[in-house]
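J.: Compute the structure for the input listed below.
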Amino acid sequence: MPSSTPPAQRSAAATPVAGSTRRPAPVRRVAIPAHGGPETQRRVRDGAGLLAAAAMRRLDDDLDWYRTLPAEDRSWVGLVAQAGITAFVTWYADPTRPPHGVGDIFGAAPPELTRSISLQHTLQLVRVVVDVVETHSDRLAAPGEERELREAVLRYSREVAFSAAEVYARAAEVRGAWDARLEALVVDALVRGDVDDSMRSRVAALGWSGRGSTLVMVGTTASTLDEVRASDLRRATRRAADDALVGIQGDRLVVFLGGVGDLRAAAVSLLPRFGPGPVVLGPVVQDLTDSARSARAALAGLAAAAAWEQAPRPVMADDLLPERVLVGDAAARRTLIAQAFTPLAASQGSLLETLSAYLGTGRSLEAAARTLYVHPNTVRYRLKRVADVTGWDPLDARESYVLQTALAVGRLDADLTEPL
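T.: Model prediction:
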């Protein structure tokens, strides 16, 4: 029953007097009386079937997205609408308790329905049901109680809207956690090179379009990433490139970037998301099926980057070929032989002999010329040819080190392949 104390007195009793140390009296919760009289409650109860039928007709007439749903999803939406009306009838008879059944309205449908119907569509559904009840309020309410019935509908619809938002928030949280686990498994499989039809479907489920090229970026984190920071990292990668996958492996980050834009520029924009230390970019490959090669090169470069103290950040994995050879990367060894030693050995003009003499005499043109019995300009010309053939300039300190490593591994492989 409502309190008999006038509102002004209740307010004064609840407000402390200035300078007083007495705490305000606690506010008593007052029970809400039942909506309407017994006649209105009976009419609302008896009219539940009428309201449900009218709501289904309005859904079909007013909502285009509802008409395009598959038959199964339409039936689930119908169950949700009917459950909402039934729950309203129950609550209308006893409003002293929290709206009964609001949390169960959406329990009638499977969780997958949140993928077919957005929260915006659900709120449109609630609006249609409210409008149907308001339209029929004159027929359902006893004379003089029409306004009270409409106000009760509005109060209840607010509770249903909050319930719908909660359902979609829980579904998004569960889906986000599942997607994060699936993404971790996909990244791990791509690094291993396990790409088959099932893997392609999993990648597509994560939103990977497959357009353009692919690049793998690896580095470390400053500290362990919690769920909030991991989600922020994933959003940043998806803003940087058309496609993105993120693998968090302890303190190591493995990021797959894809699309038709400049993937290296996208990788540079993500540098602040990585912790201190080297960040290595694998070679750009044509599609995701070949991304294991880029990933292996990047991971090998990360393991070897400490050997090159002056390495830029980020550094290309192919710029770390000598260091990768030192840590036992067979792919780097093969690359150096294929791109430097083999072309020089097959070339005309004593390029391999000239490069060996130049490197063996402390990178001195004059000393190499004396060793080869030629003019220093001839050595300089041949070294320019070496740069044209291999892409590495022997006159550059760093690139001459790359070529020296290529000569070393090439000769070792040649010795191993010679018959005993």
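
J.: Residue 335: what's it in contact with?
T.: 318, 321 (Cβ atoms under 8 Å, 6 or more residues apart in numbering). All C-beta atoms are positioned from the backbone trio N, CA, C, and that covers glycine.

J.: quick one: secondary structure of it?
T.: Put simply, residue 335 is helix when judged by DSSP: H, G, I helix; E, B strand; the rest coil.

J.: now swap in residue 257 and tell me
T.: Residue 257 ends up strand, using three-state DSSP.

J.: Need the pLDDT of it.
T.: We have a pLDDT of 93 for residue 257.

J.: I'd like to know how far it sits from residue 268.
T.: Distance of residue 257 to residue 268, given as Cβ to Cβ, to the nearest Å: 11 Å.

J.: Ok, residue 198 next?
T.: 34 Å.

J.: And these two? Which one has more around it.
T.: residue 268 (16 against 10; other Cβ atoms under 10 Å).

J.: Within the helices and strands, which one has that one?
T.: helix 263-269 (DSSP states H and E).

J.: how about that helix: buried residues?
T.: Across helix 263-269, burial judged by 16 or more other Cβ atoms under 10 Å covers 263, 266, 267, 268.

J.: what's that helix in contact with?
T.: 212-215, 217, 240-241, 255, 257, 259, 279, 281, 284, 314.

J.: make it 7 Å
T.: 213, 215, 217, 240, 241, 257, 281, 284, 314 (Cβ atoms under 7 Å, 6 or more residues apart in numbering).

J.: now these in CSV, with secondary structure and neighbour count?
T.: CSV is the format used below for the contacts of helix 263-269 (DSSP: H, G, I helix; E, B strand; the rest coil; neighbours: other Cβ atoms under 10 Å):
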residue, secondary structure, neighbour count
213, strand, 20
215, strand, 25
217, strand, 31
240, helix, 21
241, coil, 25
257, strand, 29
281, strand, 26
284, coil, 16
314, coil, 23
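
J.: Residue 304: which of the buried residues of helix 263-269 is nearest?
T.: residue 267 (18.8 Å; Cβ to Cβ).

J.: which other helices and strands contact the host helix or strand of residue 321?
T.: Element membership for residue 321, per DSSP H and E: helix 321-326. Packed against helix 321-326 by the contact rule (3 or more Cβ pairs under 7 Å, 6 or more residues apart in numbering; DSSP states H and E) you find helix 291-304, helix 330-336, helix 397-417.

J.: quick one: which of those helices is nearest residue 355?
T.: Comparing the helices and strands packed on helix 321-326 by Cβ to Cβ, helix 397-417 comes nearest, at 6.3 Å.

J.: What segments of the stretch 51-200 of the chain are helices?
T.: 64-67, 71-93, 102-105, 113-116, 119-135, 137-140, 146-192, 197-205 (DSSP state H, counting those that start in this stretch).

J.: rank those helices by pLDDT, which is bottom?
T.: helix 102-105 (a mean of 54).

J.: Now do the closest residue to residue 344 other than its chain neighbours: how many residues are near it, please.
T.: The shortest distance from residue 344 to any non-neighbouring residue, by Cβ to Cβ, 6 or more residues apart in numbering, is to residue 352 (4.3 Å). Neighbourhood size, residue 352 [other Cβ under 10 Å]: 22.

J.: do the same with the one 3 residues further on
T.: The burial count assigned to residue 355 is 27, neighbours taken as other Cβ under 10 Å.

J.: how close does the residue nearest to it when sequence neighbours are not counted get to residue 352?
T.: Nearest residue to residue 355, sequence neighbours excluded (Cβ to Cβ, 6+ apart): residue 386, at 5.3 Å. As for residue 386, its distance to residue 352 is 9 Å (criterion: Cβ to Cβ).

J.: shared neighbours of those two, which are they?
T.: residue 344.

J.: pLDDT value on residue 47, please?
T.: Reported pLDDT for residue 47: 78.

J.: isn't it right up against residue 141?
T.: No - when contacts are counted by Cβ atoms under 7 Å, residue 47 is not listed as touching residue 141 (10.1 Å).

J.: Look at the two and report which has more neighbours.
T.: Taking other Cβ under 10 Å, residue 47 and residue 141 do not tie; residue 141 has more neighbours (23 against 17).

J.: Can you report phi and psi for that one?
T.: In terms of degrees, to the nearest 10, the main-chain angles of residue 141 are phi -80, psi 150.

J.: My guess is it contacts residue 149. True?
T.: Yes - here residue 141 reaches residue 149: they are 4.3 Å apart, a contact under Cβ under 7 Å.

J.: helix or strand right after the least confident helix or strand in the chain by mean pLDDT?
T.: One helix or strand of the chain scores below all others by mean pLDDT, DSSP states H and E: helix 7-14, with a mean of 40. As assigned by DSSP H and E, the chain's next helix or strand after helix 7-14 is helix 38-46.

J.: Output the helices and strands packed on helix 321-326 as CSV; include the columns mean pLDDT and distance to residue 89.
T.: Output for the helices and strands packed on helix 321-326, formatted as CSV (pLDDT from 0 to 100; distance: least, Cβ to Cβ, whole Å):
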stretch, mean pLDDT, distance to residue 89
helix 291-304, 93, 57
helix 330-336, 94, 70
helix 397-417, 88, 80
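
J.: Pick the most buried one from those.
T.: helix 291-304 (a mean of 24; mean count of other Cβ atoms under 10 Å).

J.: Which secondary structure elements does it sit against?
T.: helix 146-192, strand 213-220, strand 280-281, helix 321-326, helix 330-336.
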